[in-house]
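Chemist: Please work out how this folds:
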Amino acid sequence: MTLLERRGIEAAMLAQTYAVLVARLGRDEALAVIEDIVREAAFAAGKAFAAKAPQGPSLEHFAAVAELWQAGGALVIENAARRGNVFSFEVTRCRYAETYREMGLPEELATRISCLRDGAFVAGYSDKLRLDRPGTIASGAVSCPFTFTWNDDA
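Modeler: As a prediction, the model looks like this:
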């Protein structure tokens, strides 16, 4: 099963959960619960990825995540570059966003299920790593520019 297929199954379950939560708690509380669920899962995934780093977490090891995230055509990544303590790339096609739109998920839910994961994954990977991503395709941007910065002093 590809990561894209797995995320589709998770999104369907989270969409059902969201609908129930909205009915019981209201939109804002429902979104807050979804955010907590996604953050916790992504943080744990980041920790698990860090545990696979042969010499411990590093920017060099983390950069391999770009290949994993592209598996099965889930993302199209362009302009990948590593300079010193910075690794950056631009996502120009996001099949996660496309899949969630096809499923009929509202943007507010799709961005939380998909885009919210990235920062939590980074936080789980290492407190020395920071993510800057000013926009996402799921929220209407043309692309998702990612910049990861490693800070040994953190």
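Chemist: Under the pLDDT cut-off, which ranges of the chain? List them.
Modeler: For the chain, the stretches flagged by pLDDT under 70 are 154.
Chemist: Secondary structure element holding the residue located most distally from the centre of the chain?
Modeler: Checked against the mean C-alpha position of the chain, the extreme residue using C-alpha atoms, centre = their mean is Arg24, at a distance of 27.5 Å. Arg24 belongs to helix 3-25 when elements are defined using DSSP states H and E.
Chemist: And that helix, what's buried?
Modeler: Of the residues in helix 3-25, those buried under the neighbour-count criterion (16 or more other C-beta atoms under 10 Å) are Leu4, Arg7, Gly8, Ala11, Leu14, Ala15, Tyr18, Leu21, Val22. Placement of C-beta: from N, CA and C, glycine included.
Chemist: So the first one versus Asp152, what's the distance?
Modeler: Between Leu4 and Asp152 the distance, using C-beta to C-beta, to the nearest Å, works out to 34 Å.
Chemist: what's stretch 19-31 in contact with?
Modeler: Where contact means C-beta atoms under 8 Å, 6 or more residues apart in numbering, the residues beyond stretch 19-31 that reach it are Tyr18, Val33, Ile34, Glu108, Leu109, Arg112.
Chemist: Mark which of those are part of helices, please.
Modeler: Of the contacts of stretch 19-31, the ones assigned to helices by DSSP state H are Tyr18, Val33, Ile34, Glu108, Leu109.
Chemist: With that, I have no additional questions.
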